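Participant: quick check, what structure comes out for this input:
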Amino acid sequence: MKKYFRLGLGLLVPILLVAQVLIWGYGFIHNLIVSYLPSEIEFQWYFVFLAILITIVFIYIVGIIFSFIKPIAWIKHRVEKYIIDKIPIVNKVYGFGKDISDSFITDIKEDGNLKVVEVMFAGQLSLGILTDEKHNIVFVPTAPNPLNGFVMKTDEYKVTDISFTSFIQILASLGKTNGKLWK
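Facilitator: Predicted coordinates:
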């Protein structure tokens, strides 16, 4: 009986999490559209999907423009360097947002310097990610949520042959998946 309950739970929880995120996203965009929609236009359910489609197309167009039209990227760089970097509060907020977005848009396969390492942490051997090899910065994430963890500076680490993707699977599964890779 317990086996079937756990199996059912294991199948339903990921589906319900995805559904919850989609419902939250739909509600967020719905509220945004309703608040900016002129009163003479009646809200229709498909406005949300249309807004998502327009946003995705807009993001692609901006990416294409900045990839192929070099003078625009040059202008952006100059505006950042000579205007945004000179405004006291704006430069900190903009820089933080840029660093965060850059870390998300960098493809793991392109970022060859992400190495999984073994470090001593709190008296125990732990797995971490070498995020800055030049300064020996290691991020030791917590399981099962790899977004939380500790950043440490250490010269004493050993590079493993575990891939970053396998490392995330080890964390998310609490060591049940790919745990055998850690020797």
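Participant: only C-alpha atoms from now on, for both contacts and neighbour counts.
Facilitator: Will do.
Participant: domain ranges for the protein?
Facilitator: If you go by automatic domain parsing, the domain ranges for the chain are 2-31+44-105, 115-181.
Participant: could those domains go into CSV alongside mean pLDDT and mean neighbour count?
Facilitator: Output for the domains of the chain, formatted as CSV (pLDDT from 0 to 100; neighbours: other C-alpha atoms under 10 Å):
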stretch, mean pLDDT, mean neighbour count
domain 2-31+44-105, 84, 12
domain 115-181, 81, 16
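Participant: could you dump the ones you listed into a markdown table with distance to residue 37 added?
Facilitator: Shown next, in a markdown table, are these (distance: least, C-alpha to C-alpha, whole Å):
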| stretch | distance to residue 37 |
| --- | --- |
| domain 2-31+44-105 | 10 |
| domain 115-181 | 36 |
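Participant: continuing past whichever strand in the chain runs longest, what's the next helix or strand?
Facilitator: For the chain, the strand that runs over the most residues, judged by DSSP state E, is strand 124-132. Moving toward the C-terminus from strand 124-132, the next helix or strand (DSSP states H and E) is strand 137-141.
Participant: quick one: name whatever helix or strand follows that following strand.
Facilitator: Following strand 137-141 in sequence, per DSSP H and E, is strand 149-153.
Participant: where do the helices sit along this structure?
Facilitator: Using DSSP state H, the helices of the chain run over 2-36, 47-68, 70-82, 88-105, 164-172.
Participant: mind checking which of these is nearest residue 126?
Facilitator: Proximity to residue 126 (C-alpha to C-alpha) singles out helix 164-172 among the helices of the chain, at 11.2 Å.
Participant: so what does the closest one touch, helix or strand wise?
Facilitator: Judged by 3 or more C-alpha pairs under 8 Å, 6 or more residues apart in numbering; DSSP states H and E, the packing partners of helix 164-172 are strand 115-121.
Participant: and the angle from the strand it packs on to strand 124-132?
Facilitator: Strand 115-121 runs at 130 degrees relative to strand 124-132, counting by axes from the mean of the first three to the mean of the last three C-alpha atoms, to 10 degrees.
Participant: who are the packing partners of strand 115-121?
Facilitator: On a contact count with 3+ C-alpha pairs under 8 Å, 6+ apart, strand 115-121 meets strand 124-132, strand 157-159, helix 164-172.
Participant: with distance to residue 82 added, can I get those in a markdown table?
Facilitator: Listed next are the helices and strands packed on strand 115-121 as a markdown table, based on distance: least, C-alpha to C-alpha, whole Å:
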| stretch | distance to residue 82 |
| --- | --- |
| strand 124-132 | 28 |
| strand 157-159 | 40 |
| helix 164-172 | 37 |
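Participant: of these, which is nearest residue 38?
Facilitator: Set against residue 38 and scored by C-alpha to C-alpha, the helices and strands packed on strand 115-121 come closest in helix 164-172, at 45.2 Å.
Participant: quick check: angle from the closest one to strand 115-121?
Facilitator: 40 degrees.
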